[in-house]
Each structure stands twice: as structure tokens, then as C-alpha cells.
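Participant: sharing a model prediction with you, sequence too.
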Amino acid sequence: MTIAEKVSASLPTLDYLKLFDYATQPRFLLPILFPFIVYLGWLRESAGSLELHLLAALAIALGGWLGAMIVEYQPFLAIEDGTVNEIQGMLLFVVAGTIYLLWNQNGWPVFVQHWALVAATAVALWLPARFVLDLSGGVIFPTAVFVYLAFMDFRFAPLLVIPVLRVPVALKIEDLSPLEAAVGLGLGVVSVATVLLATSVW
């Protein structure tokens with residue numbers, strides 16, 4: 001065995017599927033994506049200071065992520081896995097509601113308000129559906145947020161490959177059935193359609 005082969009064998013194997021799974025879980029994807037959503041909203045409606053918008057976005061994203069991590073790793077109290085998902089879902093609902101209220105109260109971009117409503121609607125559909133099927137937030141939420149982005153601006157349509165690629169990851173890593181993965185995709189799309197329809201008639 002050559003030196004290069006020995007070095008290669010000694011390095012940890014990078015599991016790209018698992019990495020993609022982590023990157024598209026709501027607790028990582030949404031905090032990373034939210035400041036970008038805020039920036040896009042400000043470009044569409046330059047209401048107030050961009051710095052203020054981004055500071056609010058970073059504070060909310062960091063607070064939501066820290067809350068999700070505390071629930072995930074349970075440094076104070078052991079929680080069952082199913083309950084962890086439910087608490088994280090409720091936390092996401094609260095964060096999305098906070099975003100909507102803050103942006104609505106200040107007259108900040110509707111683009112961000114509707115994005116928050118999409119996230120909240122996805123939670124509202126996902127939590128009760130979990131009692132019937134083993135549904136992954138890692139399928140529903142990427143589908144909802146990227147379908148919303150693509151619908152609002154066709155330039156982001158290539159990002160729809162992310163929820164599509166998320167399906168085989170869910171089948172292999174999370175051991176979901178094809179039906180459960182398909183339902184997750186469907187609920188993500190329904191979340192967007194519900195918000196767009198509801199806000200169009202308000």
C-alpha cells in the first residue's frame with residue numbers, strides 16, 4: 001500500500017447523504033436561510049434600514065437555533081425522541097409567528113411575512129400528520145420554503161432540486177416509505193398554496 005493510500009484509508013469517510021440530511025433539517029436550514037429571505041424582502045420593498053432588518057433576522061435565527069439545539073441535546077432534562085420533534089415543531093411555530101408579527105407590526109416586507117406564514121402552516125400540517133404517518137420535517141420544510149421562493153421569483157426555480165434530492169435521502173437515512181416522502185412533499189406544496197390563497201383574499 002502506497003503512502004497516499006494509507007493516508008486516504010486513515011481519513012474519515014465523508015457521508016454526503018448524511019451531510020445533506022443535516023443541512024436540510026429545519027433546525028439548520030431555516031436559521032441559515034432566514035437572513036437571506038430578509039435581504040430578498042428588503043430588495044423587493046426597501047422599508048426602513050437594511051441593517052435593522054438583518055439584525056432582527058440574525059437575533060431571531062440565533063435564538064431559534066439555540067432553542068432547537070437545547071431541545072435536541074437536552075442538557076437539563078432527558079426527553080423522548082418523538083417529544084423532541086414535537087417541541088421543536090412548536091418552537092418553530094412560535095418563531096415563525098414572532099417573525100410575522102414583528103414584520104407586520106413594523107410594516108416591513110410582505111415577502112418575509114408570507115414566508116413566515118408558510119413555515120407556520122407547514123408546522124400546523126406536519127405536527128398532527130405525524131400521528132398518522134412517519135413524516136420528516138426535513139422533507140416538508142425544504143419543500144415549503146423553496147417552492148415559495150420559486151413561486152415568488154422564478155430565478156430560484158433551480159433550488160427546487162433540493163426537495164427533490166431530499167426524497168432519496170429521507171428513504172435511506174430516515175427510513176421513510178415512498179408514500180411518507182411523497183406526503184411530505186405534498187404537505188410542503190400545500191403549505192405554500194394555502195398561504196398564497198389565503199393572503200390573496202384578505
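Facilitator: Right, received. Where do you want to start? Note that the coordinates shown come from a computational prediction; the quantities given were computed from them, not determined experimentally.

Participant: what ranges in the protein fall below the confidence cut-off?
Facilitator: For the chain, applying pLDDT under 70 flags the ranges 1-14, 75-82, 201-202.

Participant: in it, which residue is closest to the centre?
Facilitator: Nearest to the geometric centre of the chain sits residue 26, at 3.7 Å (CA atoms, centre = their mean).

Participant: how about it: what's its closest non-neighbour residue?
Facilitator: By the measure of CB to CB, 6 or more residues apart in numbering, the closest residue to residue 26 outside its immediate chain neighbours is residue 141, 4.4 Å from it. Every residue, glycine included, has its C-beta placed from N, CA and C.

Participant: what's the neighbour count on that neighbour?
Facilitator: 30 (other CB atoms under 10 Å).

Participant: what comes up buried for the helix or strand hosting it?
Facilitator: In the assignment (DSSP states H and E), residue 141 maps to helix 137-152. For helix 137-152, a neighbour-count test (16 or more other CB atoms under 10 Å) marks 137-150, 152 as buried.

Participant: what do you get for stretch 30-46?
Facilitator: Buried, per 16+ other CB under 10 Å, within stretch 30-46: 30-31, 33-35, 37-38, 40-42.

Participant: again with stretch 90-101
Facilitator: Residues 91-93, 95-96, 99-100 are the ones in stretch 90-101 that count as buried (16+ other CB under 10 Å).

Participant: other residues contacting that stretch?
Facilitator: Applying CB atoms under 8 Å, 6 or more residues apart in numbering, the external contacts of stretch 90-101 come out as 26, 30, 34, 60, 63-64, 67-68, 71, 112-113, 115-117, 119-120, 123-124, 127.

Participant: out of these, which end up buried?
Facilitator: Counted by 16+ other CB under 10 Å, the contacts of stretch 90-101 give 26, 30, 34, 60, 64, 67-68, 71, 112-113, 115-117, 119-120, 123-124, 127 as buried.

Participant: before we move on, the earlier item: quick check: the residue nearest to residue 26 touching residue 122?
Facilitator: Yes. Assessed by CB atoms under 8 Å, residue 141 is found in contact with residue 122 at 5.7 Å.

Participant: joint contacts of these two?
Facilitator: Residues touching both residue 141 and residue 122 by CB under 8 Å, 6+ apart: residue 188.

Participant: count the neighbours of the residue lying closest to residue 44 once chain neighbours are set aside for me.
Facilitator: Distances taken as CB to CB, 6+ apart place residue 111 nearest to residue 44, at 5.2 Å, with adjacent residues excluded. Close neighbours of residue 111, defined as other CB under 10 Å, add up to 20.

Participant: just how off-centre is the helix or strand that contains residue 111 within its chain?
Facilitator: Residue 111 is part of helix 110-129, with elements assigned from DSSP H and E. In this view, helix 110-129 has its centroid 10 Å away from the chain centroid, taken as CA atoms, centre = their mean, to the nearest Å.

Participant: tell me which other helices or strands that helix touches.
Facilitator: Packed against helix 110-129, as judged by 3 or more CB pairs under 8 Å, 6 or more residues apart in numbering; DSSP states H and E, are the following elements: helix 26-44, helix 81-105, helix 137-152, helix 178-201.

Participant: so which of those comes closest to residue 168?
Facilitator: Relative to residue 168, the nearest member of the helices and strands packed on helix 110-129 by CB to CB is helix 178-201, separated by 8.5 Å.
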